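Participant: Following is a predicted model, sequence given first.
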Amino acid sequence: MNFLAFAAFGIDKAKAERVHWRTSENTLLMLALFGGIFGAYAGRRVFHHKTRKQPFGNRLFNIAVFQTVACGLAIGWWITG
């Protein structure tokens, strides 16, 4: 999933530079939500894509926080269970 998110950011950046139809922000965010958060952040950094879009950056950060909390709760439940 991380590879898909990373590739989606790269493809969308290439489309943006060529003024083609773009990948929606919701699609990029869904890839991050369903396990591609590291790929999304890497794609943002490598391709310098969506770095100035503050609402997008906030949503991506919220997904990262949600996944961190969910993983922490799952590990805590597993250890104590």
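Facilitator: Received it, and whenever you're ready, just let me know what you need. Numbers count the residues shown, from 1 in each chain.

Participant: Trp78 sits in which helix or strand?
Facilitator: Using DSSP states H and E, Trp78 sits within helix 54-80.

Participant: Show me what counts as buried in that helix.
Facilitator: Phe56, Arg59, Leu60, Ile63, Ala64, Gln67 (16 or more other Cβ atoms under 10 Å). Any C-beta I mention is one placed from the backbone N, CA and C, and that applies to glycine too.

Participant: So what touches stretch 7-14?
Facilitator: With Cβ atoms under 8 Å, 6 or more residues apart in numbering as the test, stretch 7-14 has contacts from 22-23, 27-28, 31, 39-40, 43-44, 46-50.

Participant: Out of these, give me the one that has the most neighbours.
Facilitator: Gly43 (28 neighbours; other Cβ atoms under 10 Å).

Participant: Dump whatever helix or strand that one lives in to CSV, keeping only the CA atoms.
Facilitator: Assigned by DSSP H and E, Gly43 belongs to helix 37-47. The C-alpha trace of helix 37-47 is given here as CSV (Å, rounded to 0.1, in the frame of the first residue of the first chain):
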residue,chain,number,x,y,z
ILE,A,37,0.9,6.8,5.2
PHE,A,38,4.6,6.3,4.9
GLY,A,39,4.4,6.1,1.2
ALA,A,40,2.3,9.3,1.1
TYR,A,41,4.7,11.2,3.2
ALA,A,42,7.7,9.9,1.1
GLY,A,43,5.9,10.8,-2.1
ARG,A,44,5.1,14.3,-0.8
ARG,A,45,8.8,14.8,0.1
VAL,A,46,10.4,13.2,-3.0
PHE,A,47,8.1,14.8,-5.6
